[in-house]
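Student: show me the folded form of this:
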Amino acid sequence: MNSIVTTCPKVSLSNGLQIPILGLGTSHDGGYSHDAMLYALRECGVRHIDTAKRYGCEEQLSIAVQESGVPRQDLWLTTKLWPGEYGYTASKKACRDSCSRLGVEYLETTSTTR
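Tutor: Numbers count the residues shown, from 1 in each chain. The predicted model follows:
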């Protein structure tokens, strides 16, 4: 296997944050492939991953991110909230739960603070 690709073009958001232009989405109903995720991270330079609790693959994705060797700070991780998770308290819990399943301390945000 080749060495890890470390460059990925980025685009600026209106708040000045830089998001990797190349991303890979996960899906539910069997739409997750560990080998494909590793290949995308290691060989294709993918640095933006879009997932959701509903897809049921956050724990698997955590393993792929660890195995890829890509440093966390080089990744942009996106997840989604569902109607039952709206509101301050529920949203905060949903994000913390996703972070736990993903094995990370934070998710990316479009605000200028974390």
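Student: roughly how far apart are Arg72 and Val65?
Tutor: 8 Å (Cβ to Cβ, to the nearest Å). Where C-beta positions appear, they are placed from N, C-alpha and C, glycine not excepted.
Student: next: Trp82.
Tutor: For Trp82 relative to Val65 (Cβ to Cβ), the value is 23 Å.
Student: now do Leu107
Tutor: 13 Å.
Student: ok, these two, which is more surrounded?
Tutor: Comparing Leu107 with Val65 by other Cβ atoms under 10 Å, the one with more neighbours is Val65, at 21 against 16.
Student: tell me which element that one is part of?
Tutor: Here Val65, judged by DSSP states H and E, is contained in helix 58-68.
Student: helices or strands next to that helix in the packing?
Tutor: helix 34-43, helix 88-102 (3 or more Cβ pairs under 8 Å, 6 or more residues apart in numbering; DSSP states H and E).
Student: ok, residues contacting it?
Tutor: 4, 26, 32, 34, 37-38, 41-42, 49, 51, 72, 75, 79, 98, 101-104 (Cβ atoms under 8 Å, 6 or more residues apart in numbering).
Student: can we see that at 10 Å?
Tutor: 4, 26, 32-43, 46, 49, 51-52, 55, 57, 70-72, 75, 77, 79, 97-104 (Cβ atoms under 10 Å, 6 or more residues apart in numbering).
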